[in-house]
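Student: below is the structure, and that's it, no one-letter string:
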């Protein structure tokens, strides 16, 4: 239960506005102990509920570890030569392999876990029991370091025997301790991923999505992918799942090679389209050197019909409507009125020709004839070009998918589904997210269903749910995200939000997730938002500033074994997973 030979002392108990209590524990300095006492380690101290029959040990988590030397802690304002000589002399104490010098200590700061271990005093068959903490730890009592087995028991309390768990990763600095989470709870009660640039947000989302799809055959996820990253980061899921798709919001978002393949789905056209997709996709640095290895799997995904076009939506009419809307003259209102009637129709050649005819035949009032004619000519020019483009596209039905079909599938419990929604026009993606979210809420409310769970993941969330909603389509995407965050959980609909700039997010939505992954946040303003949402101390969040790549603070109410306790987690690298997938392909494909 406890590590042999490591005993400290609880020196201080202090009040904390965020975590209610904070603790300071001293351990005698031994060089080998510095390798065992790490951020995230659990420490036990007897509390006031202990009796003659039981010892009750309060469990606390270490948030910082710092070696301290009394001589070096003194003022350094003296003569520099003397001060430096004293420091060099004191530094020899860092080499001790036994705690012989009282001048050196390992000073640890810790926070309460909310749990205690109740241990029988007498030697009998009764096992130690983990339950909620019942009293304060005793200041001045011995502090003992928990071993890996009991660290895992505490952190994953009650999860080891539950279905629906995923191994998120391992305890940072303790790779023998796996960290479990309930994926269903994480999805239904929403989650957030917050870190600075290049901290690995997309990498984490890829890892979590892959783990959940590997663990369940009934999970659904919709990822709004503005940067076009997840076709690579989730290539293995796309390849191995029968209903995993990349969906383009409009044909304008695709290249000529992809449209040519959709029209004539031959092996040669698939190869050309796959190469074009690989050449124009954003790659993580670690995978750039293997670009050519992606062509064959992307080609297969194309041939399997997993690159699709949204068949009943197109940006032409909406874009035309917005591009002409510059004033409130009678002529402008006339044109807007005609265009508005067509926004609800599928954008195909027939409907665009009908619109063109109606515009051409419309007779403006004499007072606005010149203005109306100018607007009409501009609209006709844009429409004519798009009619020509659409006339040249004859897409095989295998590569089309409608909004209704997506909704129908997301309500189907018999299989897992992944939809990666891509579009270079942020406004179009925002408006689509609003339409899909509203249809999902309506369909589930009308049918009275709560399964299967669906996660709507907003990568670059500040582009969907910003406080400033003046960008085109922002009000729409923010409105539906807030509805899903507030009401979605009772219908099995959750959101995932990932961003580097937390302060830009709408606070009504930011406070809804029950699970957070937090890594480096250098800006104090961003850390303050997380502190407010989860009641964390700044010292706890500053711990994340020391994290290596792939390390995160996992904080959850409901998805982990300990509610609200920040757990430092080391997640697997998604790039390595994709490399392993590529390495297995030749044998699987018979190449």
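Tutor: Alright, I've got the coordinates. No experiment lies behind these values; they were computed from the predicted model shown.

Student: for residue 416, which non-adjacent residue is spatially closest?
Tutor: Spatially, and ignoring its direct neighbours in sequence, residue 416 is nearest to residue 219 (5.1 Å; CB to CB, 6 or more residues apart in numbering). Heads up, the C-betas are built off the backbone N, CA and C, glycines and all.

Student: list the contacts of that neighbour.
Tutor: By CB atoms under 8 Å, 6 or more residues apart in numbering, the residues touching residue 219 are 183, 187, 212-213, 416, 452-453, 455.

Student: most neighbours, which of the residues you listed?
Tutor: Among the contacts of residue 219, residue 187 has the most neighbours (other CB atoms under 10 Å), with 29 neighbours.

Student: for that residue, what are its contacts?
Tutor: Taking CB under 8 Å, 6+ apart as the definition of contact, the neighbours of residue 187 are 212, 219, 453-455, 494, 496.

Student: quickly list what the nearest residue to residue 160 once chain neighbours are set aside is bridged to.
Tutor: Nearest in space to residue 160, with sequence neighbours left out and distances taken as CB to CB, 6+ apart, is residue 180 at 7.2 Å. Each beta-bridge partner of residue 180 is listed here, defined by DSSP bridges: residue 167.

Student: closest one of the contacts of residue 187 to residue 297?
Tutor: Nearest to residue 297, judged by CB to CB, of those is residue 212 at 21.1 Å.

Student: just give the closest residue to the closest one, not the sequence neighbours.
Tutor: In this structure, residue 212 finds its nearest non-sequential neighbour in residue 183, 4.6 Å apart by CB to CB, 6+ apart.

Student: tell me the SS of the residue nearest the centre of the chain?
Tutor: Compute the mean C-alpha point of the chain, and by CA atoms, centre = their mean the closest residue is residue 193, 4.1 Å away. Secondary structure of residue 193, reduced to three states by DSSP: H, G, I helix; E, B strand; the rest coil: strand.

Student: residues touching it, list them.
Tutor: Per CB under 8 Å, 6+ apart, neighbours of residue 193: 201, 204-205, 496-499, 516-517.

Student: which residue is the nearest non-sequential neighbour of it?
Tutor: Computed as CB to CB, 6+ apart, the closest residue to residue 193 that is not its neighbour in sequence is residue 498, at 3.9 Å.

Student: same check on residue 276?
Tutor: When the adjacent residues along the chain are set aside, residue 276 lies closest to residue 257, with 4.0 Å between them (CB to CB, 6+ apart).

Student: try residue 563
Tutor: residue 557 (4.9 Å).

Student: hang on, the earlier thing: listing partners with orientation, what would you give for the one helix or strand the residue nearest to residue 193 maps to?
Tutor: In this assignment (DSSP states H and E), residue 498 forms part of strand 493-499. Looking at strand 493-499 with DSSP bridges, its partner strands are strand 191-194 (parallel), strand 454-458 (parallel).

Student: which residues touch that strand?
Tutor: Outside strand 493-499, the residues that touch it by CB under 8 Å, 6+ apart are 186-194, 201-202, 204-205, 437, 440-441, 444, 453-462, 465, 481, 484-485, 488, 505, 509-510, 512-513.

Student: what do you get if the cut-off is 7 Å, keeping everything else the same?
Tutor: Applying CB atoms under 7 Å, 6 or more residues apart in numbering, the contact partners of strand 493-499 are 187-194, 201, 205, 440-441, 444, 453-462, 465, 481, 484-485, 488, 505, 513.

Student: same question, stretch 44-55
Tutor: Taking CB under 7 Å, 6+ apart as the criterion, the residues outside stretch 44-55 that touch it are 2, 10, 56-59, 116-121, 134-138, 141, 143-144, 146.

Student: pLDDT of that stretch, averaged?
Tutor: Regarding stretch 44-55, the rounded mean pLDDT is 93.

Student: return the distance of it from the chain's centre.
Tutor: Relative to the mean C-alpha coordinate of its chain, stretch 44-55 is positioned 41 Å out (CA atoms, centre = their mean, to the nearest Å).

Student: helices and strands around whatever helix or strand residue 112 lives in, which ones?
Tutor: Mapping residue 112 onto the secondary structure by DSSP H and E places it in strand 104-120. Contacts defined by 3 or more CB pairs under 7 Å, 6 or more residues apart in numbering; DSSP states H and E place strand 104-120 against strand 20-28, strand 42-46, strand 54-69, strand 129-132.

Student: ok so, going back, please list all residues in contact with the residue nearest to residue 563.
Tutor: 514, 563-564.

Student: doesn't residue 84 fall inside a strand?
Tutor: No - under the criterion used here (three-state DSSP), residue 84 is helix, not part of a strand.

Student: distance of the residue lying closest to residue 284 once chain neighbours are set aside from residue 125?
Tutor: Spatially, and ignoring its direct neighbours in sequence, residue 284 is nearest to residue 575 (5.4 Å; CB to CB, 6+ apart). Distance of residue 575 to residue 125, given as CB to CB, to the nearest Å: 49 Å.

Student: please enumerate the helices of the stretch 401-550 of the chain.
Tutor: The residue ranges that make up the helices of the stretch 401-550 of the chain, judged by DSSP state H, counting those that start in this stretch, are 403-410, 426-447, 474-487, 507-510, 524-534, 538-542.
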